[in-house]
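[1] Predicted model, plus sequence, below.
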Amino acid sequence: MSYLVYIPQDIEEEGKNYLLGKGYKIKLGSDLAQETLMKEVKDCDAVLTRSTAVINKEVIQAGENLKVIAKYGVGLDNIDIEAATERGIYVTNTPEANANVVAEHVMAFILSLSKNLSQADRELRSGNFAIRNQLFGMDLEGKTLGIIGLGRIGNILAKKASKGFDMKVIGYDPYVAASSNPELEIVTDLEWLFRNSDVISLHLPLTEATKGTIGSREFSWMKSSAYFVNASRGGVVKENDLVEVLQAGKIAGAGIDVFEVEPPDKRNPLFKLDNVIVSPHNAALTKEGSIRMAVHAAMQVDQVFTGVKPSWNVNDPLVKGLSI
């Protein structure tokens, strides 16, 4: 039997070729509207989805034959895991495909912010060479990096900052009591982390529990010389609160890869601030990382249909009566 895999938004050829080479058929989506997703998923056995397609309860119910929803990427806020679990559908993601890539992107933000690279570039292009005597950067050596969320990305970032730049690294995660990472000191007081960090990097998933976790109260704890970086999910941060502290100069700057609403409005006030660096939710999207995400997602589709436990399933303990 040949299984049909629905891919709402196209992925790299390597991922598709993996499936085709295993005998699967592929259906590429025509657009990302919910009505379209519900129509196109009807006869499919699997979904391989990026973050842009919302695989909600209605879409899952429309996919009468679904056995697996494979996420191209790590964040799962676009998939209704509970609805999938109720249907006995595996949900998987690709945590080992892009963790290092995201950590590299965060370090790029930290370097650019601490050295005023974005502002220096703009000023020099406009003819202002004298800006060199006004834009003084910050040493990273000896400074403290505070990491909120100590999953794969947070731990890789800790190693890069500590070993590569001689930073002191502290981390907070309510689900992590101790760490085997020698580059990382666990703290149990979030306020203490905010008050004592020179750079804060956020690495929390977006859930009902984490939505809006970081706002004006937390920003008020930061040093005026400190920087804030978010390459996790925009909804974890109250964006208007971040804009307010940046506009008021209460923190030094921010590096933002993710937004509360995506795509963000071109009038987003963050775009008007000189002390902010932004990127279009592409921290994970290097050429190599994208290929790994596509192949890892495709591989897990095949694992499900060949009776092998998926390498990175997120709901297996709750799956009941899965029959293929």
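    Good, I have the coordinates. Residues are numbered from 1 along each chain as shown.

[2] Give me the distance between the two termini of stretch 46-59.
    Its start and end residues considered, stretch 46-59 measures 12 Å (C-alpha to C-alpha, to the nearest Å).

[3] Pull out the buried residues from that stretch.
    Within stretch 46-59, the residues scored as buried using 16 or more other C-beta atoms under 10 Å are 46-51, 53-55, 59. From N, CA and C alone the C-beta is placed, and that goes for glycine too.

[4] Equivalent analysis for stretch 132-150, please.
    For stretch 132-150, by 16+ other C-beta under 10 Å, it's 138, 140, 143-150.

[5] Which of the residues you listed fall in strands?
    144-148 (DSSP state E).

[6] Let's verify residue 255: helix, strand, or coil?
    Assigned with DSSP: H, G, I helix; E, B strand; the rest coil, residue 255 falls in the strand class.

[7] correct me, but it touches residue 112?
    Yes: Residue 255 lies in contact with residue 112 (C-beta atoms under 8 Å); the separation is 7.0 Å.

[8] Identify the contacts common to those two.
    Common neighbours of residue 255 and residue 112 (criterion: C-beta atoms under 8 Å, 6 or more residues apart in numbering): residue 277.

[9] which of the two has more neighbours?
    With neighbours defined as other C-beta atoms under 10 Å, residue 255 and residue 112 compare such that residue 255 has more, 25 against 19.

[10] Let me know the helix or strand that the residue lying closest to the more buried one once chain neighbours are set aside is in.
    Of all residues not flanking residue 255 in the chain, residue 109 sits nearest, at 3.0 Å (C-beta to C-beta, 6 or more residues apart in numbering). Residue 109 belongs to helix 95-114 when elements are defined using DSSP states H and E.

[11] same thing with residue 16?
    helix 13-21.

[12] Give the next helix or strand downstream of that helix.
    Following helix 13-21 toward the C-terminus (DSSP H and E): strand 25-28.

[13] Residues contacting that next one, please?
    2-7, 10, 16, 19-20, 40, 44.

[14] mind listing what's buried in it?
    residue 26.

[15] Then stretch 170-184?
    Those would be 170-173, 176, 179, 181, 183-184, for stretch 170-184 by 16+ other C-beta under 10 Å.

[16] Out of the ones in strands among the buried residues of stretch 132-150, the closest to residue 262 would be?
    Ranked by distance to residue 262 (C-beta to C-beta), those are led by residue 148 at 20.7 Å.

[17] Who are the contact partners of the closest one?
    Per C-beta under 8 Å, 6+ apart, neighbours of residue 148: 154, 171-173, 190, 193, 200-204, 214.

[18] Bridged to it, which residues?
    In this entry, residue 148 is beta-bridged to residue 172, residue 202, by DSSP bridges.

[19] And it, how close does it get to residue 121?
    29 Å (C-beta to C-beta, to the nearest Å).

[20] Could you check how far residue 4 is from residue 63?
    In terms of C-beta to C-beta, residue 4 sits 10 Å off from residue 63.

[21] who's more crowded, these two?
    Per other C-beta under 10 Å, whichever of residue 4 and residue 63 has more neighbours is residue 63, with 24 against 14.

[22] quick one, what contacts that one?
    6, 41-42, 44, 47.

[23] No more questions from me, cheers.
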